[in-house]
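S.K.: Here you go, sequence then predicted model.
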Protein chains: 2
Amino acid sequence: MPGRKAKGAPWWQGRFRGYGYRMTVPREAIVGVLSETSKHLSAEDIFLEVHKVYPSIGLTTIYRTLELLVQMGLVFKFDFGDKRARYELAEGPKGKRHHHHLVCIGCDTVIDYTDFIDEEIELLGQTEKGLSKKFNFKITNHLIQFYGLCKRCQNKK
Amino acid sequence: MPGRKAKGAPWWQGRFRGYGYRMTVPREAIVGVLSETSKHLSAEDIFLEVHKVYPSIGLTTIYRTLELLVQMGLVFKFDFGDKRARYELAEGPKGKRHHHHLVCIGCDTVIDYTDFIDEEIELLGQTEKGLSKKFNFKITNHLIQFYGLCKRCQNKK
DNA sequence: ATGAAAATGAAAACCATTATCAATAAAGAT
DNA sequence: ATCTTTATTGATAATGGTTTTCATTTTCAT
């Protein structure tokens, strides 16, 4: 029954333990917020959201935890052109589909797309294999973003 | 005779004029530095290089000019994980081949690769076309980066 | 329950990038 | 060549997201 609200430990706790990290209330809350949105949240966005439930958790902890999560591969960190970094939960067990981004350089709006992912993924797989061998790299991740002007910004000028 | 040191106006001057911008000594110097390296320079790197020849040119101007160049499409701006932005001349008339990046998350080393570019470019072209139509986006650019651990960093831990 | 070590929060520090503004230089007109 | 307009520049200060610091609190194996 995959969609059910489980009472047991959330799936990500094992991940923390596996890395030798402790499970804490702030970490729980932060992953919780990330897992309930499909938006690209900034550290402050997450702070504000967490703050509603746990007002005592500070922004510093948000940053520290996010860094940890990125390092664990549980979260992706993006730069979309506005100054702040954006964070997204990497695909979890019940996760949404893997997607790439379409970024408007006029208004910094970001569209997630999944439409052409399959072909991309296949090519990426081959490319990764080739690059790994040639450069002795252990590839763990990739970033694909298209930049351009959204409809609204095309008309602006 | 494409490889010759021309005495006339460098090729990029027309580009500035075309945008209604003036051609100045600092701009000349900055594009000059970028056109003579294949490294990924930070604003400060460029400042230091320019400073050797024109000690009066300030860092502010470097930033302003880079922003201009990026906006003109003459320069690409990248974020490789160390805090500073990195800049690269977009392919010019005598430019090097278009390339993508392989970024080590251990030491922030960046490798330019061109090996698998052709297949990637073709797929990207199709994807761009599809995305443009579906989302009404005017796509002007793309970013592809692979992340992982270089040989040295794999052995470290 | 207990204690060692990890994690946290408040505040200060950091530092790449931007904004300000008076002085300078580019480019067309004279 | 000089003048005039206006973009551009440089020094300085300000900005603001992110990190550091360090004393306090919390986790979790025992």
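M.R.: All right, it came through fine.
S.K.: Now do the buried residues in the helix ranked longest in chain A.
M.R.: Of all the elements of type helix in chain A, the one with the most residues (DSSP state H) is helix A:117-135. When neighbours are counted by 16 or more other C-beta atoms under 10 Å in any protein chain shown, the buried residues of helix A:117-135 are found to be A:117, A:120, A:123-124, A:127-128, A:131, A:135. Backbone N, C-alpha and C define where each C-beta goes, glycine included.
S.K.: Check stretch A:29-43 too.
M.R.: Counting neighbours by 16+ other C-beta under 10 Å, one finds that the buried residues in stretch A:29-43 are A:29-31, A:33-34, A:40-43.
S.K.: Same list (those) but as CSV, adding pLDDT and distance to A:Ala85.
M.R.: Below are those laid out as CSV (pLDDT from 0 to 100; distance: C-beta to C-beta, whole Å):
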residue, pLDDT, distance to A:Ala85
A:Ala29, 97, 19
A:Ile30, 98, 14
A:Val31, 97, 17
A:Val33, 97, 15
A:Leu34, 96, 13
A:His40, 94, 10
A:Leu41, 97, 10
A:Ser42, 98, 7
A:Ala43, 98, 7
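S.K.: Show me what the very next helix or strand once past the longest helix of chain A is packed against.
M.R.: Next helix or strand after helix A:117-135 toward the C-terminus (DSSP states H and E): strand A:138-149. Taking 3 or more C-beta pairs under 8 Å, 6 or more residues apart in numbering or on different chains; DSSP states H and E as the contact definition, the neighbouring helices and strands of strand A:138-149 are strand A:100-104, helix A:117-135, helix B:117-135, strand B:138-149.
S.K.: what inclination does strand A:138-149 have with respect to strand B:100-104?
M.R.: Computed with axes from the mean of the first three to the mean of the last three C-alpha atoms, to 10 degrees, the direction of strand A:138-149 lies at 130 degrees from that of strand B:100-104.
S.K.: list the contacts for the closest residue to A:Ser132 other than its chain neighbours?
M.R.: The shortest distance from A:Ser132 to any non-neighbouring residue, by C-beta to C-beta, 6 or more residues apart in numbering or on different chains, is to A:Ile139 (5.5 Å). Taking C-beta atoms under 8 Å, 6 or more residues apart in numbering or on different chains as the contact definition, A:Ile139 lies against A:128, A:131-132, B:102, B:146-148.
S.K.: and the helix or strand bottoming out on mean pLDDT in chain A, is it in reach of chain B?
M.R.: Lowest by mean pLDDT, DSSP states H and E among the helices and strands of chain A is helix A:151-156, with a mean of 85. Yes - with C-beta under 8 Å from any C-beta of the partner chain as the criterion, chain B is reached by helix A:151-156 at A:151, A:154.
S.K.: and that helix, how far from the chain's centre?
M.R.: The gap between where helix A:151-156 is centred and where its chain is centred comes out at 28 Å by C-alpha atoms, centre = their mean, to the nearest Å.
S.K.: Just the C-alphas of that helix, formatted as PDB.
M.R.: Listed in PDB are the C-alpha atoms of helix A:151-156, where the atom choice follows Å, rounded to 0.1, in the frame of the first residue of the first chain:
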ATOM      1  CA  LYS A 151       6.100  33.900 -23.500                       C
ATOM      2  CA  ARG A 152       5.500  36.800 -21.200                       C
ATOM      3  CA  CYS A 153       9.100  38.000 -21.400                       C
ATOM      4  CA  GLN A 154       9.200  37.700 -25.200                       C
ATOM      5  CA  ASN A 155       6.400  40.200 -25.500                       C
ATOM      6  CA  LYS A 156       7.700  42.600 -22.900                       C
END
